[in-house]
Each structure stands twice: as structure tokens, then as C-alpha cells.
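> please work out how this folds:
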Amino acid sequence: MKMTWLIFALCSALSAADKLTRGTVGETARIPCGTRTAGKNLEWKRNGEMVLRKNPRSGAEQRGTSPVSNRATSKRDHLEIRNLEEGDIGHYICEMDGTEHAHILFIISVSASPPGVLQLDSKAKLQCRVQGLQPMPTLEWQRPDGAPGGSGEVLLNPVARTDEGSWACAFSQDGMTFKETLEVKVQGHPVTERVAATPSKTHCSDCTDAALVVSVGATESQPGPMLLGGLSLWIWVAVGVGCLVLLLVVGCVIALHHRNRRPRARRCQGKIHTNRRARKTSQQPLKPKVLPV
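Have a look, this model is predicted:
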């Protein structure tokens, strides 16, 4: 019985000695060894498998066969893992000259569904997930105004203007608090409700008139008018039609003006010819009349 308690206490002490290191997928994770490694035989292990081994004299590195070994590098007093993947999480040990320092690499991630900008009055889900820790810690959301927002998974139904801002997912373990933030943006116009059901009568024993019960149906978003240059599309159509009519009227006036001008010019030319003939006739000398003998 005493031996069982001794083993349990030893395991608890080893577990409590594990230091937590947080990583982010796609970025570079740095796991500190916990002590200076200069001039010592160094070996990094993940879940019992060798990641790399470094000889202090030659500086040569021997890599293991795990996928993380190809992206891991020993730099000074820490292990550096480039382009961190979800499969890289686990229990890491830094061993130097027979002394081991244990670390746990975990990932905390937050996301929104659907991703991107959320539409006002729609449905959305905020998710917070931790990988690499056992037992799983309790995750708590904090709203942009500082109020509690729920745990683990938060459903926004409907999405409101007050949901816009920085949401924080946090948890505490081994006396340390870890937090990841998610920026939420909301756009759109408020949706008006419409009556979808026909009023129905309900009877009661204490009233003479029937009460009308109206159920409100699901809300639908009404698309706003298309805008171009700050004006509605129909206004631009009306302006275009008005300009076209104005051009037609001006063209007709010009055509009528030219048409009425041609007969007048012809009459003027006729009068000019008549006057010229009369002048020629008046200017010719009169011939003397010859009387017969």
C-alpha cells in the first residue's frame, strides 16, 4: 500500500514538473530546455522518440525519424520548430548529461463559423479548442464589453451589433493563464419582422370576446436598393431617359427650322429676280416711233 502511494506521489511530482509551452499552427514554436545547454550532450525527445541529438564538441546534429525532426533545430537553450503542425503537440523532454527537463507543447485556437465578416441578424458560432492537454481545461469566453460569453462554443443567434469587437478565450492551468483573442466584425442592416401566420381565435372562460394570437414568422433580409454614385439606379435611368427625350425635341426643332427657312429663301430669290428685270426694263432707252408717210 505504501509503495502504491509512493509511486502515485512520484508520478504526480513528475507531472507537476512539466512546463507548458503554447504554440500556434503555422508559426514557429520555441520550447525552452530549462537550463543552459552550452558544452553539454543534448538530446530532445517527443513522446519518447528522439527528435535530435547534438554533440557539444563537434556541433553536429543527429536527427530522428519523426516528421517534426525535419523542422526542428536546437538553438542555444531551446528547441525551435518551424511551421508548427497540429501533429507536433505532445510531451517533450530535454535531456542533458542524464538530467531531464519535461515540457508539454499544446495549441489553443479560436475560430468563427461562418468565417469572415458576420451578417447582422444571422446565425454564427464561435469555437475555442485546446489540443495537447489532458485533462481538458475549462475554456471560458469573454465578450468585447468584458462580460462572460460562455464556455467552449458560443452560439450567436441572432448576431447583434454588440457582438462586434475582440472576443477572448482563456483558461488557467498550473497557476498560469492562457488566452487567445478573436476579432469579430459585423455588417448589414437590421431585419424587419413580418407577420406570417393568420390570426386565430382562442377561448377563455373569463372573457366575452375572443383574443387574437398572431405568430411572427422567420425574419428575412430585404435587399436594399442598388446605389451608383450615391443615387438609386432608377434615378439614373430616369435622368438618362429625360436626356434622350430632350435631345429628340431639340433635333425636331432644328429640323423644322431648316424646313421653314427654305421656302422663304426661295420667295426672296424670286422677288430679287423680278426687281432686277424691272430695273433692266426701265433702264433701256425708248425707241422712237416711226410714223408711216
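> which ones are touching the nearest residue to Arg30 once chain neighbours are set aside?
Leaving aside its sequence neighbours, Arg30 sits nearest to His78 (C-beta to C-beta, 6 or more residues apart in numbering; 4.9 Å). Where you see a C-beta, it was placed from the backbone N, CA and C, and this is true even at glycine. If you count contacts by C-beta atoms under 8 Å, 6 or more residues apart in numbering, His78 has them with Arg30, Ile31, Pro32, Cys33.
> was I right about the third one contacting Trp44?
No - taking C-beta atoms under 8 Å as the definition, Pro32 is not a contact partner of Trp44, at 11.6 Å.
> tell me which of those two has more neighbours.
For Pro32 and Trp44, the more surrounded residue by other C-beta atoms under 10 Å is Trp44, and the numbers stand at 24 against 14.
> next, the more buried one: secondary structure please.
Put simply, Trp44 is strand when judged by DSSP: H, G, I helix; E, B strand; the rest coil.
> pretty sure it contacts Met50?
Yes - counting by C-beta under 8 Å, Trp44 does reach Met50; the two are 7.4 Å apart.
> returning to what we had before: give me the subset of the contacts of His78 lying in strands.
Arg30, Ile31, Pro32 (DSSP state E).
> so the residue nearest to Arg30 versus Glu100, what's the distance?
Noted for His78: a distance of 16 Å to Glu100, by C-beta to C-beta, to the nearest Å.
> look up how far Thr177 lies from the spatially closest residue to Gly150 that is not a sequence neighbour.
Sequence neighbours aside, Trp141 is the residue nearest to Gly150 in space, at 5.0 Å (criterion: C-beta to C-beta, 6+ apart). Using C-beta to C-beta, Trp141 is found at 14 Å from Thr177.
> which of those two has more neighbours?
Applying other C-beta under 10 Å to Trp141 and Thr177 shows that Trp141 carries more neighbours, namely 21 against 8.
> next one, pLDDT for that one please.
pLDDT, Trp141: 96.
> what residues does the helix or strand encompassing it touch?
Applying DSSP states H and E as the criterion places Trp141 in strand 140-142. The contact list for strand 140-142 (C-beta under 8 Å, 6+ apart) reads 126, 128, 148-152, 154, 167-171.
> sec struct for Arg259, please.
The three-state label given to Arg259 by three-state DSSP is helix.
> against Leu247, how distant is it?
19 Å.
> check Gly132 too.
74 Å.
> any idea which strand is longest in the protein?
Longest strand in the chain by number of residues (criterion: DSSP E): strand 99-113.
> OK, contacts around the spatially closest residue to Gln187 that is not a sequence neighbour?
Among residues not flanking Gln187 along the chain, Val117 sits closest, at 5.3 Å (C-beta to C-beta, 6+ apart). Applying C-beta under 8 Å, 6+ apart to Val117 gives the contacts Lys185, Val186, Gln187.
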